[in-house]
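this one's structure only:
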């Protein structure tokens, strides 16, 4: 089978609220496939949100059997390079467009707003431009080349929807069975296989991720981005939020 | 206008030119600087452009949008930048989004359909940023020590920021509204109402079912084009004391046009239509367009609440 190797380069500031510590919002160097499904146009949300509940499963019901997108991890773009993530830390504030905005102490506030959680300022640590990430797109029952023509080259990601450019390359993947070490992050709910050892897992919102681990299941050995390097192994038949769906 | 996002993209290509000193800072003192690599013919450089964050543009443009709306339309419910007190049914909030409405019964969040992109200065920060000493002494004669002295980074007049503003699933009236905002808004950066006069050159409008190149690529292309059209190296361009605006405009437009022919599914809108859009920024014409849009925006929000609220 052939899979699509996608390389994402951030072109602006891209920030997620991976972790919120007081007035600081931090971005983890991993982009979950929940975000990527929407960014790539495989799922579509709603402009006006009334229910305030994520609807990942409903939104992706049509595509889940045709295509699977892995989470994105920092990537090396040259053979000897390192997958380092660069950050920008900035302050931001939320102010009205009135001319005078009096600030009252919380103990003596005639407006009653000081005791409400209204945003005034916070610090945000976000991915800087020119960070590279890599993810894979598995087409199920379709040609990889056909799927790749439907994927957009420019996408928007994160809280303020920063811009990113994605380039696609079709690589070959061999189906094998037996034990292997995970070569690319896997969202915990996307596959029912459990790791047998060597686990590095990270709690992320909304889904935790296996970063490393030894698995014993059918898997694909995917051609590495660089020649003469060992293949990247990823469990076969992964489906977006598979274990959370009724039909699995 | 439907609640499910589609793939109708409209891009307004803009070159923002500073006409006076402006401060784009987040901590009140230092300009935000990124690092960008530019690859030209047989040479490449890494330079440090000053950046104009997307939200520096959005905030200022939204205020201008609210002001235009106040001038042209009548709303029973006020629409302001107050985060918890927006009127989501107004033309501006239905387009640019709102986090929370003032109405406790209707708890909705509206996603913005206008997308900005962080803009990079064409020249290096060392060539276009100048520190200026400031102090705010007040008018008393005798004073203790106080922290009113600072030395903020000012962007020099003449700094250029190529920008693409992308609208998703916008109606023609909303496109005209954003063009009018871009044309009329002349103040960006810290202390928006006093400092930082900016001239927005609207270079073109593009439509299609995909997004176009980013500001980073547009900026890089301006630099490589300046170098290719003269004897300068890439480093000379980013360090030059001044750059020609007409040429820069041409290069930004060329870069976008080239991307459209090279595979991005967007087409330029006829220049005559663009000129017409820009001229519509005049009050009476825009007023009529906004009035026609007004019920549609309200309906867009109401329908979404009706269908999804059940």
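Cool, the structure landed. What you see is a predicted model, and the numbers here were worked out from it, not measured in a lab.

Residue numbers of the stretch 101-250 of chain B in contact with chain A?
Residues of the stretch 101-250 of chain B lying close to chain A by C-beta under 8 Å from any C-beta of the partner chain are B:107-113, B:115, B:117-118, B:169, B:210-217. Where you see a C-beta, it was placed from the backbone N, CA and C, and this is true even at glycine.

So in chain A, where's the weakest helix or strand by average pLDDT?
The helix or strand of chain A with the lowest confidence, counting by mean pLDDT, DSSP states H and E, is strand A:87-93 at a mean of 80.

and the angle for the following helix or strand past that strand with strand A:87-93?
Using DSSP states H and E, the next helix or strand after strand A:87-93 towards the C-terminus is strand A:121-127. Angle, strand A:121-127 to strand A:87-93, by axes from the mean of the first three to the mean of the last three C-alpha atoms, to 10 degrees: 160 degrees.

Against which helices or strands is strand A:121-127 packed?
Judged by 3 or more C-beta pairs under 8 Å, 6 or more residues apart in numbering or on different chains; DSSP states H and E, the packing partners of strand A:121-127 are strand A:24-26, strand A:87-93.

what's next to the next helix or strand after the shortest one, contact-wise?
What it means is strand A:24-26. Proceeding N to C from strand A:24-26, the next assigned helix or strand is helix A:33-39, under DSSP H and E. Contacts with helix A:33-39, where a contact means C-beta atoms under 8 Å, 6 or more residues apart in numbering or on different chains, come from A:16, A:43-45, A:54, A:56, A:59-60, A:63, A:69-72, A:135, A:155-158, A:164, A:187, A:190, A:206-207, A:240.

so which helix or strand takes in residue A:246?
Using DSSP H and E, no helix or strand contains residue A:246.

Buried ones only from the contacts of helix A:33-39, please, as a PyMOL command.
The buried residues among those can be selected in PyMOL (16 or more other C-beta atoms under 10 Å in any protein chain shown) with this line:
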select buried, chain A and resi 16+43+44+56+59+60+63+69+70+71+72+135+155+156+157+158+164+187+190+207+240
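
Show me what the least confident helix or strand of chain A is packed up against.
strand A:121-127.

So what's the residue count around residue 244?
Answering for chain A, as no chain was given. 13 (other C-beta atoms under 10 Å in any protein chain shown).

wrong one, I was asking about chain B
By the criterion of other C-beta under 10 Å, residue B:244 has 13 neighbours.

what's residue 70 in contact with, if anything?
Looking at chain A here, since you left the chain open. By C-beta under 8 Å, 6+ apart, the contact set of residue A:70 is A:33, A:135-138, A:184-187, A:234, A:238.

other chain: chain B
With C-beta under 8 Å, 6+ apart, residue B:70 has these contacts: residue B:79.

ok, of the residues of the stretch 101-250 of chain B next to chain A, which come out buried?
Of these, these count as buried by 16+ other C-beta under 10 Å: B:108-113, B:115, B:117-118, B:169, B:211-217.

Okay, and which of the residues you listed map to helices?
Among those, the members falling in helices (DSSP state H) are B:215-217.

give me the beta-bridge partners of the closest residue to residue B:27 other than its chain neighbours?
Excluding the flanking residues, the one nearest residue B:27 by C-beta to C-beta, 6 or more residues apart in numbering or on different chains is residue A:91, at 5.7 Å. Judged by DSSP bridges, the bridge partners of residue A:91 are residue A:123.

ok, how many other residues are close to residue A:91?
Count around residue A:91 with other C-beta under 10 Å applied: 13.

I figured it hits residue A:125, correct?
No. Between residue A:91 and residue A:125 there is no contact under C-beta atoms under 8 Å: 10.9 Å.

Just give the nearest non-adjacent residue to residue 4, would you?
By default, I'm working from chain A. residue A:137 (4.0 Å).

Chain B, not that one
residue A:44 (5.4 Å).

and the one you found, that one's in a strand?
No. Counting by DSSP: H, G, I helix; E, B strand; the rest coil, residue A:44 is not found in a strand; it is coil.

Give me the subset of the contacts of helix A:33-39 lying in strands.
A:69, A:135, A:155-157, A:164, A:187 (DSSP state E).

and residue 34, how many residues sit next to it?
All of this refers to chain A. For residue A:34, the neighbour count with other C-beta under 10 Å is 23.

right idea, wrong chain: chain B
21.

what is the closest residue to it other than its chain neighbours paired to in the beta sheet?
For residue B:34, ignoring the flanking residues on the chain, the nearest one in space by C-beta to C-beta, 6+ apart is residue B:51 at 5.1 Å. Beta-bridge pairing of residue B:51 under DSSP bridges involves residue B:120.

ok, now how distant is residue B:51 from residue A:191?
Distance from residue B:51 to residue A:191, counting by C-beta to C-beta, to the nearest Å: 40 Å.

Neighbour count for those two, which is higher?
When residue B:51 and residue A:191 are compared for neighbours, residue B:51 comes out ahead with 28 against 21, by other C-beta under 10 Å.

What pLDDT is listed against that one?
On the pLDDT scale, residue B:51 is placed at 89.

Over to the one 4 residues further on?
You'll see residue B:55 listed with a pLDDT of 80.

Count the neighbours of it for me.
Close neighbours of residue B:55, defined as other C-beta under 10 Å, add up to 18.

OK, contacts around it?
With contacts defined as C-beta under 8 Å, 6+ apart, the neighbours of residue B:55 are A:92, A:160, B:116.

Who are the contact partners of the first one?
Applying C-beta under 8 Å, 6+ apart, one finds that residue A:92 lies in contact with A:121-124, B:26, B:55.
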